[in-house]
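1. let's see this in three dimensions:
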Amino acid sequence: MVQKVGDRDRNVCSACGTIFYQNPLPAAAALVLDAERRVLLVKRKYPPNEGMWCLPIGFAETGETIAEAALRELHEETGLLGRVYRLIDADSWRSTYYGDLLVVTFEVEKVAGQERPGDDAEEVAYFPIDALPPLAFPSNEKAIRLCGDLHRDEWAIRDSFRLLQEGAGEQGENMLSDALVAYFTESIPYVARLWLADVRSNHTTSASYMRLDPELLLAECTTGLEQLGRWLQGESGEDQIRAFYRDLGARRREQGVAVHEMLSAIMLLKKQIWNHARSQGVWESPVDAYRVMELQSRFAVYFDKATYHAARGHASG
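-> As a prediction, this is how the structure comes out:
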């Protein structure tokens with residue numbers, strides 16, 4: 001008979017009072033990404049949704065954990081052995097074929113095996129996350145989207161770091177630190193004034209730089225910062241850096257500034273730029289921290305060129 005138990009109608013044995021609970025079926029799915037950030041899907045061989053693609057998925061069996069079920073289904077359907085990396089999603093879903101389901105999806109790392117269709121899979125293939133075929137189950141679509149969200153910062157950092165290693169800072173490629181570059185270019189007058197105050201008071205530079213016209217120093221610094229901004233944005237190259245700093249080195253020699261004072265002044269500018277850029281990092285996430293560190297690396301490349309050409313200009317001036 002049907003009887004009200006709590007806030008639900010339940011099937012209850014009229015003889016002994018045993019309540020027959022109806023619970024959702026537990027299903028486990030494995031989400032595997034390859035080195036190109038594509039997701040592994042299988043084409044279903046049998047109903048429901050025969051011929052459609054989905055994650056390797058199946059029902060948990062007695063005596064195994066839900067994570068073990070995901071790994072078993074992965075092996076049975078794709079031939080791969082895996083290791084659970086993390087839980088991605090637990091989603092309740094009502095299927096017209098199976099009824100109420102509880103679908104638990106794990107991100108799984110491939111550890112061995114060769115991709116091949118098995119069990120109830122017709123095909124196995126990798127697809128880009130942003131170019132998926134129509135999927136058999138909405139819970140799979142949700143889990144794949146969540147997985148992409150979880151990897152977003154990690155992938156952004158990796159991509160930007162690769163560009164940094166390839167010298168993209170000199171080529172105008174899109175990098176994570178470009179957000180700080182844009183802020184820096186807007187702050188050039190402020191940074192130039194910070195540098196002027198520093199170079200006229202620091203014990204490594206003040207003896208010579210206090211003799212020089214502060215307005216001319218400020219104009220030179222502003223021009224140098226604009227040169228840096230163009231380089232960071234890929235709008236100038238080695239020739240422009242060479243011409244500017246060799247001319248600066250020769251001019252400082254004519255003004256009686258020792259080479260060590262000139263180089264210290266350049267490093268003080270780097271310090272003021274770095275301090276200002278770092279102050280803009282909110283440091284709330286790994287991406288925020290990486291932006292600041294990446295920009296510091298790009299500064300290091302630029303100022304290595306600047307000090308070299310300034311020293312050469314001073315020597316030959």
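
2. how is the protein divided into domains?
-> What automatic domain parsing lists as the domains of the chain is 2-140, 165-316.

3. mind putting the ones you listed in CSV, mean pLDDT and mean neighbour count included?
-> Heads up, the C-betas are built off the backbone N, CA and C, glycines and all. Output for the domains of the chain, formatted as CSV (pLDDT from 0 to 100; neighbours: other Cβ atoms under 10 Å):
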stretch, mean pLDDT, mean neighbour count
domain 2-140, 88, 16
domain 165-316, 90, 17
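
4. turn those into TSV, columns for distance to Trp155.
-> Listed next are the domains of the chain as TSV, based on distance: least, Cβ to Cβ, whole Å:
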stretch	distance to Trp155
domain 2-140	7
domain 165-316	10
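
5. in a helix, that's where Leu248 is, yeah?
-> Yes - counting by DSSP: H, G, I helix; E, B strand; the rest coil, Leu248 is found in a helix.

6. in which helix or strand would I find the closest residue to it other than its chain neighbours?
-> Distance criterion Cβ to Cβ, 6 or more residues apart in numbering; nearest residue to Leu248, sequence neighbours excluded, is Ala310 at 5.5 Å. Counting by DSSP states H and E, the element that carries Ala310 is helix 286-316.

7. which other helices and strands contact that helix?
-> helix 138-165, helix 178-186, helix 214-232, helix 238-254, helix 259-279 (3 or more Cβ pairs under 8 Å, 6 or more residues apart in numbering; DSSP states H and E).

8. what do you get if the cut-off is 6 Å, keeping everything else the same?
-> With contacts taken as 3 or more Cβ pairs under 6 Å, 6 or more residues apart in numbering; DSSP states H and E, helix 286-316 sits against helix 138-165, helix 238-254, helix 259-279.

9. now that helix and helix 238-254, what's the angle there?
-> 50 degrees (axes from the mean of the first three to the mean of the last three Cα atoms, to 10 degrees).

10. quick one: helix 286-316 to helix 259-279, angle?
-> Going by the same axes, to 10 degrees, helix 286-316 makes 160 degrees with helix 259-279.

11. can I get stretch 140-147 in CSV, CA atoms only?
-> Provided in CSV are the C-alpha atoms of stretch 140-147 (Å, rounded to 0.1, in the frame of the first residue of the first chain):
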residue,chain,number,x,y,z
ASN,A,140,28.1,14.5,-19.7
GLU,A,141,27.8,17.9,-21.3
LYS,A,142,27.7,19.5,-17.8
ALA,A,143,30.7,17.5,-16.6
ILE,A,144,32.9,18.4,-19.6
ARG,A,145,32.0,22.0,-19.3
LEU,A,146,32.9,22.0,-15.6
CYS,A,147,36.2,20.2,-16.4
